[in-house]
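S.K.: Below are the sequence and a predicted model; questions follow.
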Amino acid sequence: MEVVYTLWLRSIKRYVRSKSRLIGSLGMPFFFLAILGMGLNSLFTVPGYGKGYMAFITPGVVAMTILFTSMFSGIQVVWDKRFGFLKETLVAPVKRTEIMLGQTFGGATVALIQGLLILSLSYFLGVHFSLMSFLIALPYMVLTGISFTALGIAFASQMEDMHGFQLIINFIVFPVFFLSGALFPLEGLPSWLRNLALADPLTYGVEGMRFGLLGVSQISPVTSIVVLTSFSFATVLVGGFLFSRIRL
Amino acid sequence: MDSILKMSMVKVQELTKVFNGLEAVKKISFTIEEGEIFGLLGPNGAGKTTTISILSTLLSPTYGTAWINGHNVITDPDGVRKSIGVVFQDPSLDDELTAYENMDFHGRMYRLPRSERKKKIEEMLTLVDLWNRKDDLVKTFSGGMKRRLELARGLLHSPKVLFLDEPTLGLDPQTRRHIWEYIERLNRDVGITIILTTHYMEEADKLCDRVAIMDADKIIAMDTPENLKNLIRGDLVIVKGNNAGKLKLISETIEWVRFIGAHDGMVTFSVDEAEKRIANLIIMAHEAGVQVDSIQIRRATLEDVFLHFTGRNLRAEKSNGIEKMRMAWRAMRR
Ligand SMILES: Nc1ncnc2c1ncn2[C@@H]1O[C@H](COP(=O)(O)OP(=O)(O)OP(=O)(O)O)[C@@H](O)[C@H]1O
Ligand SMILES: [Mg+2]
């Protein structure tokens, strides 16, 4: 536990110190919210969701923030390989899986904080929700963060090169985001698209948060929590396995 | 078997590492007793870092095995990891953390209890003169400060065996001497066993109780620096002349002169009672038609021992080129 905490603490310290990363990674979600949300808010409301387009995409944009931050946090592992710090952890008498778990929780915490920042921003932009709805949405945010951080680490442990890592993660993150129903309702989609959306784990994160924040969703919150929990276990297992096989 | 192992702090048996067909280390064996400072001396690419990586469980050997403090590196890596501290050749600090935080991270990884951790961090940072910089980010440190911090970190958990891979590489002479002092003090006061690699012969000579000279994947000689230097009888005479081949021939005709090696137009001999006989030697060279440009007499160093065994200089001029190629090759792997 001590080891997991140590790695977690390091991630948080590094996060707090790099202001550019903090602000830079909030840019895109902010524009999605402010421009897409506000721009389309007056044009239409999504059927079944009373509160307008802005409110509709808020859970989606929060999910997007968490997705991007958590997947990219795997870069820490590539960085450590490249700049030697990984050796320091690998010669210590600790289990590789402990190191990986620490990295995962660290990345997930950072992703969660970023998500919360966007969520509070949306509050100021006029999307109001109660504390209760926030508390319901929270577990979905946490699980989304954990699972995609672990996935990022799984990729990172296979890679040596930072640009390569960024390319691959971009390649994955964009389809995962656009297919997740973050920006449009699942209802009324052509069935092939709908099936793709249902195969996308992020869909369950978005839908879970939507249920919490807006009180309405098209996938039952129980299904969402079950799928997300299973996905988290799977990615942590795969990530832990791949991480423990890193060779220098 | 166990009782034999207990006697030596480090025991290495026919250790071999092959990287895609390239033999980096080939069947090396040695033992190190508790409290010894043992040096691996050799040129770039000799296999020093590979040896350290295997002994510190970062790499597994292709063949052969080793024990540290009675723990086998293959079957009991965790036991080995608890017994060792490592200062790697390449930097391994977190630049975004402060000196104190790097130490604290390490202390927690080795599960030092809180109060002991605090005490030891202060003690170690003071030892390497970094206590007053403890709250500065490591990225603001100079190369020498980083090296000292790594040394302090490697010692934090009081390891039985400390590995130092090129501890003073790229440091200025003053910092180098400082680090030598720390190393000697540690060994004297704490009795810690130290394995260090270097390609500075004066470093090996000054610090090590015993030295293994490595060249191209093998150990070619191993003994105390004194004994190694005594392998070369007499003093060294280095002659720069216009005909190295003839100079070598002359040496073969005189019984008090022995040829050691030739490099960059200079020929090295060992000569008994060199001061007395040097004039003789010059005359003989002259008679053989060799024009002598300069001549130098000095005591043998480990460098000459290396030359004696390999016919090459420890730090050949080409090493820079080779080093660049290895860097490029390393970069390609990334
Ligand atoms: N990971 C690796 N994969 C393939 N070859 C390697 C690897 N690491 C080292 N080598 C090769 O093994 C040989 C020994 O390298 P090593 O780093 O052990 O030498 P060294 O004695 O430490 O040299 P230096 O003084 O330059 O640090 C070299 O030829 C090197 O190119
Ligand atoms: Mg080396």
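M.R.: Perfect, I can see it now. Ligands and ions are numbered 1, 2, ... in the order given.

S.K.: ok, then the element right after the helix or strand bottoming out on mean pLDDT in chain A?
M.R.: The least trusted helix or strand in chain A, going by mean pLDDT, DSSP states H and E, turns out to be helix A:38-41, with a mean of 80. Next along the chain after helix A:38-41, taking DSSP states H and E as the criterion, comes helix A:53-72.

S.K.: That next one: how far from the chain's middle?
M.R.: Helix A:53-72 has its C-alpha centroid displaced from the chain centroid by 8 Å (CA atoms, centre = their mean, to the nearest Å).

S.K.: One more: stretch B:79-96?
M.R.: Per CA atoms, centre = their mean, the displacement of stretch B:79-96 from the mean C-alpha position of its chain is 17 Å.

S.K.: near chain A at all, that stretch?
M.R.: Yes: Stretch B:79-96 reaches chain A (CB under 8 Å from any CB of the partner chain) through B:81-82, B:84, B:86, B:88, B:90-96. From N, CA and C alone the C-beta is placed, and that goes for glycine too.

S.K.: Low-confidence stretches in the chain?
M.R.: You didn't say which chain, so I picked chain A. The model of chain A has no residue with pLDDT under 70.

S.K.: wrong one, I was asking about chain B
M.R.: Ranges of chain B meeting pLDDT under 70: B:1-7, B:314-334.

S.K.: ok, residues contacting the lengthiest helix in it?
M.R.: Across chain B, the longest stretch assigned as helix under DSSP state H is helix B:173-190. The contact list for helix B:173-190 (CB atoms under 8 Å, 6 or more residues apart in numbering or on different chains) reads B:35, B:37, B:127-128, B:144, B:147-148, B:151, B:155, B:158, B:162, B:164, B:167-168, B:171, B:192, B:194, B:196, B:203, B:206-207.

S.K.: again, but for stretch B:209-229
M.R.: Against stretch B:209-229 from outside (CB under 8 Å, 6+ apart): B:23-30, B:32, B:36-43, B:45-48, B:51, B:204-205, B:208, B:231, B:299-302, B:304-306, B:309-310.

S.K.: buried set for that stretch?
M.R.: Buried residues in stretch B:209-229, counted by 16 or more other CB atoms under 10 Å in any protein chain shown: B:210-215, B:217-222, B:225, B:228-229.

S.K.: same question, stretch B:117-134
M.R.: B:117, B:120-121, B:124-125, B:127-128, B:130-131, B:133-134.

S.K.: And the furthest pair within those residues?
M.R.: B:Arg117 and B:Arg133 (18.9 Å; CB to CB).

S.K.: Okay, helices next: where are they in the stretch 151-300 of chain B?
M.R.: B:173-190, B:201-207, B:225-230, B:244-253, B:274-287 (DSSP state H, counting those that start in this stretch).

S.K.: Can you tell me which of these is most buried?
M.R.: Comparing the helices of the stretch 151-300 of chain B by mean neighbour count (mean count of other CB atoms under 10 Å in any protein chain shown), helix B:201-207 ranks first with a mean of 21.

S.K.: Backbone dihedrals for the residue in chain B that ligand 2 sits nearest to, please?
M.R.: Nearest to ligand 2, among the residues of chain B, is B:Thr49, at 3.0 Å (CB to the ion). Main-chain dihedrals, B:Thr49, degrees, to the nearest 10: phi -60, psi -40.
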